[in-house]
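> Give me a model of this one.
(chains A and B)
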Amino acid sequence: MSAERRTLLTEALARVEGEGAMYVRIAGTDVEEVQLRIYEPPRFFEALLRGRAYTEVSDITARICGICPVAYQLSACAAIEDACGAEVTEPIARLRRLIYTGEWIESHGLHVAMLHAPDFLGYDSAIALSRDHPGIVERGLRVKKAGNAIVDLVGGRAIHPVNVRVGGFHRAPTRRELEPLAEQLKVARDEALEAVRWAGALDFPDHEEDYRLVALTQPDEYAIEAGRLASSDGLDLGPAEYEEHFFEEQVPHSNALHSRLRDGGSYLCGPLARYGLSSGKLSPLAREAAADAGLGPVCLNPFQSIVVRSVEILFALDEAIRLIETYDEPDRPAVEVEPRAASGQGWTEAPRGLLYHRYRLAADGTVEEAKIVPPTSQNQLRIEEDLRAVVAANIALGDDALRLRCEQAIRNHDPCISCSTHFLKLEVDRR
Amino acid sequence: MLGIGNPWRGDDAAGLEVARRLREAGLRALEREGEPSTLLDAWEGEREVILVDAVSSGCEPGTVHRLDAAAAPLPAELFAVSTHHLSVADAVELARSLGRLPERLELYGIEGAAFDAGGGMTPAVAEAVEAVAAELRARLSA
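A predicted model of the protein is given here:
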């Protein structure tokens, strides 16, 4: 007797950033094949950067993603400053951390309220959700707006900030400009705290994965704009060592490269990794809210990533308020960065996880080679493993219910297909 | 007037190009990428808004679709290859269900042909940009 075969296909995944597809093939009770397909012609930006001046890189890479331009700008700046042997002053570093908190709030705010919440409440879109629960969506939009306000004030624009440059900023905000912002953020912080409680009370499938968590860490704070790479199995690396331990490979079904550890294994970066490796370094308010929402010090249930993201929003607001209250206006908004013939690596924690850049510069600062490893291509393999486990655990579900559960498993990791290339499309095949 | 698009994706830049021309003529015109919450913020407190965006429905490139977005949902098929995470049609529907639509909301959809990363605008689309900019300049300066 031949096993019954089923194919589940979602051609255009909804509620992910960019477009892609999911394909799952099942024979009887065996999961034969799982693919997250990403289509678009890849890596256009790495080629585009060759021949450009080192001072242009942060603005060009910012265009890779409409959701996380600050991440691209600051990873690029870190790599170029590394190549040129420049180091920014502490007040500039603090200002970078401040603008980055704004981007976490914007990106997570959008994902929690508009992309992920509908999965838990039984709606197919944020629009349908907003008809029955306008308060949830409105609250998400207000919290996100607080993030916009940070990026707008420090970056000069809410999206694609223009104020960031190699060495620092074109202009640093004054203390007087920042103070009213703190008041706005305090209001948003109250709402973010409510949102953590709301997220913690959602219904989660009972599911845990054995992740190798990879994220930047700092000795005294929750890493955002800098740090050393740590993993749940003991890695401790600087950016120059990254490519010795991680590599990318082409796979036929996707235009995005798959990242692996040298031993061939997958790993997870992003909110669950950061939280799992550094939850003890969150602000007291965020730590307490996480515990009240039912999170332990490590969270390995990917469906609870909505809670972790909500905690990170609360933390980012708390941290932004602290950074404003302790703001030390830089004497000069930027340090001089003199070009030289050299290579440099830099990384930061984008909302979706580790974002690594490497550049090789000529003596006059012209870019000779660029390499960008976005979080989604690092997570793609791991997302496929999640999918495989979710299908195996839910094989008795009908096709429609199973497809939904699979899509949700993908959205748990907020993949940004625009960053990893673009255009993803879900397919489930039962034979 | 709100021009929507991505300057790095060929014909998707059309809405931004129209906005730039109107601004050069001293008119109120903003540029956005199309992420819904930023559109809702951009038209907050406005009574009348004109959106200009590139669309893709299989018509001749450069065709200009004129739609009343306040009256009825925008046809989803116009945004089949939207490069935005959520389309402009989604933003309009979200605003409708949250009671945040301007009284008048018109959409000028410029039919695009090529949305590849790094490409320029196709000639027919560039011509339509000039035509829409001229039409809106005349309307808004009147």
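
> For the residue nearest to residue A:124 when sequence neighbours are not counted, identify the helix or strand it belongs to.
Spatial nearest neighbour of residue A:124, chain neighbours left out: residue A:118 (6.5 Å); criterion: C-beta to C-beta, 6 or more residues apart in numbering or on different chains. The way it works is simple: take the backbone N, C-alpha and C, and place the C-beta from them, glycine included. Per DSSP states H and E, residue A:118 falls inside helix A:117-121.

> tell me how far that helix is from the chain's mean position?
Relative to the centre of its chain, helix A:117-121 is centred 20 Å away, using C-alpha atoms, centre = their mean, to the nearest Å.

> give me the low-pLDDT residue ranges for chain B?
B:79-86 (pLDDT under 70).

> just the helices in it please.
Ranges of helices within chain B are B:14-24, B:36-42, B:88-97, B:123-141, based on DSSP state H.

> And the single nearest residue of the stretch 251-400 of chain A relative to chain B, which helix or strand is it part of?
Using C-beta to the nearest C-beta, the closest approach of the stretch 251-400 of chain A to chain B is made by residue A:255 at 11.6 Å. Here residue A:255 sits within strand A:254-261, counting by DSSP H and E.

> Now do that strand: which elements does it pack against?
strand A:30-37, strand A:246-251, helix A:375-393, helix A:417-420 (3 or more C-beta pairs under 8 Å, 6 or more residues apart in numbering or on different chains; DSSP states H and E).

> Compute the inter-axis angle for whichever helix or strand comes after it and helix A:375-393.
Going down the chain from strand A:254-261, the next helix or strand is helix A:271-278, by DSSP H and E. Orientation of helix A:271-278 against helix A:375-393 (axes from the mean of the first three to the mean of the last three C-alpha atoms, to 10 degrees) gives an angle of 100 degrees.

> List the buried residues of helix A:271-278.
Residues of helix A:271-278 classed as buried by neighbour count (16 or more other C-beta atoms under 10 Å in any protein chain shown): A:271, A:272, A:273, A:274, A:275, A:276, A:277, A:278.

> Cross-check these against chain B and keep the overlap.
Applying C-beta under 8 Å from any C-beta of the partner chain, the subset of the buried residues of helix A:271-278 adjacent to chain B is empty.

> ok, those vs residue B:27, which is closest?
Distances from residue B:27 to the buried residues of helix A:271-278, taken as C-beta to C-beta, are shortest for residue A:271 (42.6 Å).

> The closest one: what's it in contact with?
By C-beta atoms under 8 Å, 6 or more residues apart in numbering or on different chains, residue A:271 lies in contact with A:108, A:305, A:308, A:309, A:312, A:351, A:353.

> Emit the ChimeraX select command for whichever of those are buried.
Entered in ChimeraX, the line below selects the buried ones among the contacts of residue A:271, by 16+ other C-beta under 10 Å:
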select /A:108,305,308,309,312,351,353
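
> quick one: which of the contacts of residue A:271 sit in helices?
Counting by DSSP H, the part of the contacts of residue A:271 found in helices is A:108, A:305, A:308, A:309, A:312.

> follow-up on the earlier one: any idea of the mean pLDDT in the helix holding residue A:118?
Average pLDDT, helix A:117-121: 93.

> for it, which positions count as buried?
Of all the residues in helix A:117-121, those buried under the rule 16+ other C-beta under 10 Å are A:117, A:118, A:119.

> could the contacts of residue A:271 be laid out in CSV, adding distance to chain B and pLDDT?
Listed next are the contacts of residue A:271 as CSV, based on distance: C-beta to the nearest C-beta, whole Å; pLDDT from 0 to 100:
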residue, distance to chain B, pLDDT
A:108, 13, 96
A:305, 18, 97
A:308, 21, 98
A:309, 16, 98
A:312, 18, 98
A:351, 13, 96
A:353, 18, 96
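
> Nearest to residue A:411, out of the contacts of residue A:271: which one, please.
Checking these against residue A:411 with C-beta to C-beta, the nearest one is residue A:305 at 9.0 Å.

> which residues touch that closest one?
A:116, A:270, A:271, A:272, A:299, A:412, A:413, A:414.

> Try it again at 10 Å.
For residue A:305, the contact set (C-beta atoms under 10 Å, 6 or more residues apart in numbering or on different chains) comprises A:108, A:111-112, A:116, A:199, A:204, A:270-272, A:275, A:299, A:312, A:411-414.

> now do residue A:54
With C-beta under 10 Å, 6+ apart, residue A:54 has these contacts: A:76-77, A:79-81, A:83-84, A:166, A:337, A:339-340, A:344, A:359, A:361-362, A:364-367.

> Quick check on those residues: which are buried?
Buried among the contacts of residue A:54 (16+ other C-beta under 10 Å): A:76-77, A:79-81, A:83-84, A:166, A:337, A:339-340, A:344, A:359, A:361, A:365, A:367.
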